[in-house]
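**Q** Kindly return the folded structure for what I paste below:
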Amino acid sequence: MTRAVCPGSFDPVTNGHLDIIRRSARLFDELVVATGTNPSKGRLFDPDERIEMLRQTCADIPNVTVRGFTGLIVDFCREIDATAIVKGLRGGNDYEYELPMAQMNAHLTGVETVFLTTNESWGYVSSSLVKEVASFGGDVSALVPAAVHARLVERLAERRS
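**A** Numbers count the residues shown, from 1 in each chain. Now for the predicted structure:
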């Protein structure tokens, strides 16, 4: 059985993320969507909220499970016996950012990284951009799942109060 990990902050999960998750799930017997903690990024949702949103949005994909992790993704891969890491690439900047990490991960543990190019419909979508646009009142409802959109709007309203 092949098990892969699709890691990310997913703050919040976007339709671009879901596109990569769905396509990855077709390539592996099991896909573990793993949300981690990266101190260099500001978070709108805490880890438990992100896990809950991911579980809700991935519930219809039978071979996907959602888990949280801390530390190095390769240690998590080793812990769950995953042989691959799946990363989505929107463009050249993502590749430049992800390539050294993929090489380091392979060096440390032999875990391979599989890059999937993002569907052109979602190439401009990032969690950061979604949060920024939504914080100024822009309509991002087409960029995130409906349940995520409701939580995003609610959280931003809480922050404004």
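**Q** Packing partners of the longest helix anywhere in the chain?
**A** Of all segments of type helix in the chain, defined using DSSP state H, the longest is helix 92-109. Contacting helix 92-109 under the criterion 3 or more CB pairs under 8 Å, 6 or more residues apart in numbering; DSSP states H and E are the following elements: helix 73-80, strand 84-89, strand 112-117. Just so you know, the C-beta spots here come from the backbone N, C-alpha and C atoms, and that holds for glycine as well.
**Q** just the strands in this protein please.
**A** Taking DSSP state E as the test, the strands found in the chain are 3-8, 30-36, 64-69, 84-89, 112-117.
**Q** Turn those into JSON lines, columns for mean pLDDT, mean neighbour count and distance to residue 105.
**A** Conversion of the strands of the chain to JSON lines gives the following (pLDDT from 0 to 100; neighbours: other CB atoms under 10 Å; distance: least, CB to CB, whole Å):
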{"stretch": "strand 3-8", "mean pLDDT": "97", "mean neighbour count": "23", "distance to residue 105": "10"}
{"stretch": "strand 30-36", "mean pLDDT": "96", "mean neighbour count": "23", "distance to residue 105": "13"}
{"stretch": "strand 64-69", "mean pLDDT": "97", "mean neighbour count": "18", "distance to residue 105": "14"}
{"stretch": "strand 84-89", "mean pLDDT": "97", "mean neighbour count": "22", "distance to residue 105": "6"}
{"stretch": "strand 112-117", "mean pLDDT": "97", "mean neighbour count": "15", "distance to residue 105": "6"}
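**Q** Appreciated, that's everything.
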